[in-house]
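Asker: I would like the atomic coordinates for the input below:
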Amino acid sequence: MSIPTPAQPLAGRRVLVPGGTGGVGEGVVRAYLQSGADVVVPTRSDDRGAEFRTALGALGVSSRLHLPTHDYTSFAGAEALGGEMTTRLGGIDDVVVPVGGWWQGGPLTGITDGDWSTAFASLATTHMALARAIVPRLSGAGAYVVIVGQSAEFPVPGSGLVSMEQAAVLMMQRVLAAEEPAARIHAMMLGPVRTRFVEGAPEWVSTDEVGAASVAASLATDLPSRTISLGSSAEAQSFVSGLAAA
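Answerer: Here you go, the predicted structure:
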């Protein structure tokens, strides 16, 4: 195991980022690689993994980046992922789960079976499957972070299934935190995010700021389970600087 240095404070840490190939996840993966961690990002296909390596630039060729082809969206798949990561890397220290999506299909009274499955049931199942498989395997060195949007706490007409699914994930985090008092299990609640896919406005939180906040939460061993609000770029920078000062 590598010895941490100020430049790479998470050297030797084993980090799992399901959903890491997405816009928000990319910043998370970058931040952990830059901090010296070994990062596992399960992908849907080898081609998707190759595309992600290219998007990461110089970091994409790091030997500490692991891109196994793995479907973790079911209970069986998530359990297999947890077992495989434990076998290959010897354990799991930190987890960040930027798994989500957007749906704008109209009022709830008009949803279809397909809408329900895609926008609510599938995503909620993925989050629950990962938590059930991974939380018991955590080493205790790091934190488990689920990422949700602000829609978890206010209704979005026409996109109600998103609000419902995000609210369910937020409550899952709160229940896990109550049931696992010795663990650090956070929810990171994001406002609009700037990514390489969405330019956004300057005041939006950037994907790199989400990554920096995730690393800061990993390092803050005295930060108990909580909801971390990153509603804007300024709020994200305040969170990171506040932990650094502490």
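Asker: Toward the C-terminus, what is the element adjacent to the helix ranked longest in the chain?
Answerer: As assigned by DSSP state H, the longest helix anywhere in the chain is helix 160-179. Using DSSP states H and E, the next helix or strand after helix 160-179 towards the C-terminus is strand 185-190.
Asker: Pull up the pairing partners for that following strand, direction included.
Answerer: When sheet partners are counted by DSSP bridges, strand 185-190 sits next to strand 144-149 (parallel), strand 227-230 (parallel).
Asker: deepest of those strands, which one?
Answerer: Per-stretch averages of neighbours, counted by mean count of other C-beta atoms under 10 Å, single out strand 144-149 among the strands paired with strand 185-190, with a mean of 25. C-beta coordinates here come from the backbone N, C-alpha and C atoms, glycine included.
Asker: quick one: that one to helix 160-179, angle?
Answerer: Following axes from the mean of the first three to the mean of the last three C-alpha atoms, to 10 degrees, one obtains 150 degrees for the angle between strand 144-149 and helix 160-179.
Asker: Against residue 57, how distant is the residue nearest to the spatial centre of the chain?
Answerer: Per C-alpha atoms, centre = their mean, the C-alpha nearest to the average position across the chain is that of residue 97, at 2.5 Å. Plainly put, residue 97 is 24 Å away from residue 57 if you go by C-beta to C-beta, to the nearest Å.
Asker: confidence score at residue 4?
Answerer: Residue 4 is assigned a pLDDT of 72 by the prediction.
Asker: hey, where'd the strands end up in this protein?
Answerer: Secondary structure of the chain (DSSP state E): strands located at 14-16, 38-40, 65-66, 94-97, 144-149, 185-190, 193-194, 205-206, 227-230.
Asker: ok, back up a step: tell me which residues touch the residue nearest to the centre of the chain, please.
Answerer: By C-beta atoms under 8 Å, 6 or more residues apart in numbering, the residues touching residue 97 are 17-19, 127, 130, 144-147.
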